[in-house]
Structures are given as C-alpha cells and as structure tokens.
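Q: Okay, predicted coordinates and the sequence, questions at the end:
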Amino acid sequence: MTGDNRSFDLEERLLEYAAAIIRLTEGMRRTQAGIHMAGQLLRSGTSALPNHGEAQAAESPADFVHKLSICLKELRETWRWLRLAQRVPLVRSPASVDSLLKETEELIRIFYASITTARRRTVKKEQSGES
C-alpha cells in the first residue's frame, strides 16, 4: 500500500493488505466492542487473500467467478467494519484507517472489474459454442 508506482501483483497486494488488517486489529482497544469488531475485521479483512488463491485454482469459469465474488463480498464487509472502527473510534488514530479504506476501495474496484470481465468472457464462450 505504497505509492502509485508499485507494480501490479494482486497476490502480493492482498498479502500486504491482510498484514495491515492484522496490524490494525492487534492495536484496537480491548473493550467488548473492540474485541468483537477486531474479530469481525480480522475474518473479513484477511479473507480475500486465501479466496483469491482458491479462484486461481478454480475448477470452472463459474467457480472462478464464485470465488472472486466471495473476495468482493468480504472486502465490502471489511470496508464497513473499517468505517465503524474509525467512527467510534476503536483505533488510537482514526486517521490511520484512511489508507486502509482507500486500499479496500481500490481492491473492491479491481475485483468488481475482474468479475465483470470473467462473466463477459463466459457468455461469449457460451454464445460461440466453445467449451
């Protein structure tokens, strides 16, 4: 989650994203709400990395889209948890969540575009009679 000059390696980006989520949750306040939200954020925020790996090993185009859709769903959930953690605030520096929110939004756009492209390709294959 550095500047715009980074090379595009989605797996590495998801790995760094999951690590940033872990670091954030480790620093959340240890109140009842903080512990609950840290657990929820930890689950949804680290989920895209292994689900992306599952998508890479998909057994069919439909399975590929399904796995990417899980990544997208989890990222959207993470975005909401991050906003709530920032609003309460459950982090020492609410502004520190800004970069994670931005990265989450970018990842959401990437996965949405990937799903749209994969669906379009599947429809074209079906229409042309390819298997």
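A: Happy to help now that I have it.
Q: what's near enough to touch the residue nearest the centre of the chain?
A: By Cα atoms, centre = their mean, the mean C-alpha position of the chain lies nearest to residue 75, the distance being 3.6 Å. The contact partners of residue 75, by Cβ atoms under 8 Å, 6 or more residues apart in numbering, come to 44, 48, 104, 107-108, 111. C-beta here means a position set from N, CA and C on the backbone, and glycine is covered the same way.
Q: Next one: it from residue 32, what distance?
A: 26 Å (Cβ to Cβ, to the nearest Å).
Q: Would you mind listing where this structure has pLDDT under the threshold?
A: Scanning the chain with the threshold set as pLDDT under 70 gives 1-8, 130-131.
Q: Pull the contacting residues for the spatially closest residue to residue 11 that is not a sequence neighbour.
A: Of all residues not flanking residue 11 in the chain, residue 52 sits nearest, at 6.6 Å (Cβ to Cβ, 6 or more residues apart in numbering). Listed by Cβ under 8 Å, 6+ apart, the contact partners of residue 52 are 10-11, 14, 67-68, 71.
Q: And those, which is closest to residue 124?
A: residue 68 (17.6 Å; Cβ to Cβ).
Q: From residue 114, how far off is that closest one?
A: Counting by Cβ to Cβ, the gap from residue 68 to residue 114 is 6 Å.
Q: So which of those two has more stuff around it?
A: Set side by side, residue 68 and residue 114 show more neighbours around residue 68, with 25 against 19, by other Cβ atoms under 10 Å.
Q: pretty sure the more buried one contacts residue 54?
A: No - the pair residue 68 and residue 54 does not pass the contact test of Cβ atoms under 8 Å, sitting 9.4 Å apart.
Q: Now do the helices in this protein.
A: Under the criterion DSSP state H, the chain contains helices at 10-26, 32-56, 61-87, 98-128.
Q: ok, and the closest non-adjacent residue to residue 115?
A: Using Cβ to Cβ, 6+ apart and skipping residues adjacent in sequence, the residue nearest residue 115 is residue 68, 5.0 Å away.
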